[in-house]
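>>> Sharing a sequence plus its predicted fold:
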Amino acid sequence: MLIDLHAHSYLTCGCSLSPREVLARAELHGIDGVAFTEKNTQDGCEELLDLGKTSKIKVFVGLELDTDKGQYLCFFENPLLAPEPVQMWGSNREKPWSVKECLPKLKALGAAIVAARPFDTEFPYPARDYIHSLDCLCAVEVYNPGVSLGANEQAMEMAKKMHLPGVGGSDVRNSLDEMGYAATLFESPICSQKELVAALGKGAFWPVMMGELVKLVKPGAAKAAESKGKKKKKKKKRWS
């Protein structure tokens with residue numbers, strides 16, 4: 001079963017995509033399931049789970065947690081009962097939440113935790129090699145089309161060093177361009193949040209890269225590049 005473990009919608013601050021748009025694009029690319037990991041919140045998870053009841057694509061819910069040492073995807077068996085980060089640690093507007101405080105607490109609450117884009121230097125507080133000191137991770141995100149090829153390769157090397165499996169996710173935010181480039185292949189069908197968390201704990205999954213992961217400089221860059229390429233071909237044909 002192919003699942004995109006890292007996607008965003010308008011439930012993430014600054015993101016404009018509707019969940020239906022994300023699911024529709026995922027279906028076009030043969031993705032079986034999408035995990036919406038909204039930034040620092042699971043507020044709205046009821047809406048997402050209700051959408052999944054009528055969608056052809058399986059819908060899962062997690063959150064993308066920003067800390068002073070990187071970003072982490074967190075998945076609970078029942079996201080409706082999981083406390084909001086702001087309820088546990090207050091606002092992170094003045095300073096990022098402490099990874100040393102957050103991750104052990106989330107792990108104790110039963111979360112499956114994945115290090116997301118650990119070597120992405122565009123994030124203000126990238127985790128980098130720090131994740132090697134963490135014993136609460138179940139996987140490392142190694143394929144993400146929103147970061148550079150080098151950052152993905154570093155993540156892959158770190159996952160091997162830590163003897164952890166890798167995952168893939170599109171990390172779609174303001175554009176659907178990235179959808180279909182990366183996902184995670186699970187050994188068995190995943191039909192519920194409980195099964196997803198259990199599967200992440202067992203490690204029976206593999207990262208899947210579809211096509212060449214490229215660094216998109218802005219939303220819509222892939223479509224713009226494709227259009228530009230077509231124009232060049234037409235021009236060459238006309239003058240030949």
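Sure thing, it's come through.

>>> From now on I want contacts and neighbour counts done on CA atoms only, so please keep to that.
OK.

>>> could you point out the longest strand in the chain?
Secondary structure of the chain read by DSSP state E shows that its longest strand is strand 58-67.

>>> How far away from the center of its chain is that strand?
Taking C-alpha atoms, centre = their mean, to the nearest Å, one finds the center of strand 58-67 at 7 Å from the center of the full chain.

>>> Contacts for the next helix or strand after it, please.
Where DSSP states H and E defines the elements, the next helix or strand beyond strand 58-67 is strand 70-75. Applying C-alpha atoms under 8 Å, 6 or more residues apart in numbering, the set of residues contacting strand 70-75 from outside is 6, 37, 61-66, 99, 106, 111-118, 123, 125-128, 193, 197.

>>> This protein: strands as residue ranges?
Using DSSP E, the strands found in the chain span residues 2-7, 33-39, 58-67, 70-75, 112-116, 137-143, 166-168, 182-186, 205-209.

>>> Mean neighbour count, these: which tops it?
Of the strands of the chain, the one with the most neighbours on average (mean count of other C-alpha atoms under 10 Å) is strand 166-168, at a mean of 29.

>>> how about stretch 167-178 as PDB, C-alpha atoms only?
Taking Å, rounded to 0.1, in the frame of the first residue of the first chain, the C-alpha atoms of stretch 167-178 are listed here in PDB:
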ATOM      1  CA  VAL A 167       9.900   7.100   4.600                       C
ATOM      2  CA  GLY A 168       8.800   9.300   1.700                       C
ATOM      3  CA  GLY A 169       6.300  12.100   1.500                       C
ATOM      4  CA  SER A 170       5.400  14.900  -0.900                       C
ATOM      5  CA  ASP A 171       5.200  17.700   1.800                       C
ATOM      6  CA  VAL A 172       2.700  19.500  -0.400                       C
ATOM      7  CA  ARG A 173       1.800  22.900   0.900                       C
ATOM      8  CA  ASN A 174       0.900  25.700  -1.500                       C
ATOM      9  CA  SER A 175       1.200  23.800  -4.700                       C
ATOM     10  CA  LEU A 176       0.300  20.300  -5.800                       C
ATOM     11  CA  ASP A 177       3.500  20.100  -7.900                       C
ATOM     12  CA  GLU A 178       5.300  17.800  -5.400                       C
END
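
>>> Contacts for that stretch, please.
Here stretch 167-178 makes contact (C-alpha under 8 Å, 6+ apart) with 3-9, 14-17, 22, 25, 139-146, 179-184, 205-209, 219-223.

>>> That one - what's its average pLDDT?
Mean pLDDT, stretch 167-178: 95.

>>> Quick one, which of the strands of the chain gets closest to M88.
M88 lies closest, by C-alpha to C-alpha, to one member of the strands of the chain: strand 58-67, at 12.7 Å.

>>> other SSEs contacting that closest one?
Strand 58-67 is packed against strand 33-39, helix 45-52, strand 70-75, with contacts defined by 3 or more C-alpha pairs under 8 Å, 6 or more residues apart in numbering; DSSP states H and E.

>>> can I get the ones you listed in a markdown table with distance to P189?
As requested, those are exported to a markdown table (distance: least, C-alpha to C-alpha, whole Å):
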| stretch | distance to P189 |
| --- | --- |
| strand 33-39 | 10 |
| helix 45-52 | 15 |
| strand 70-75 | 17 |
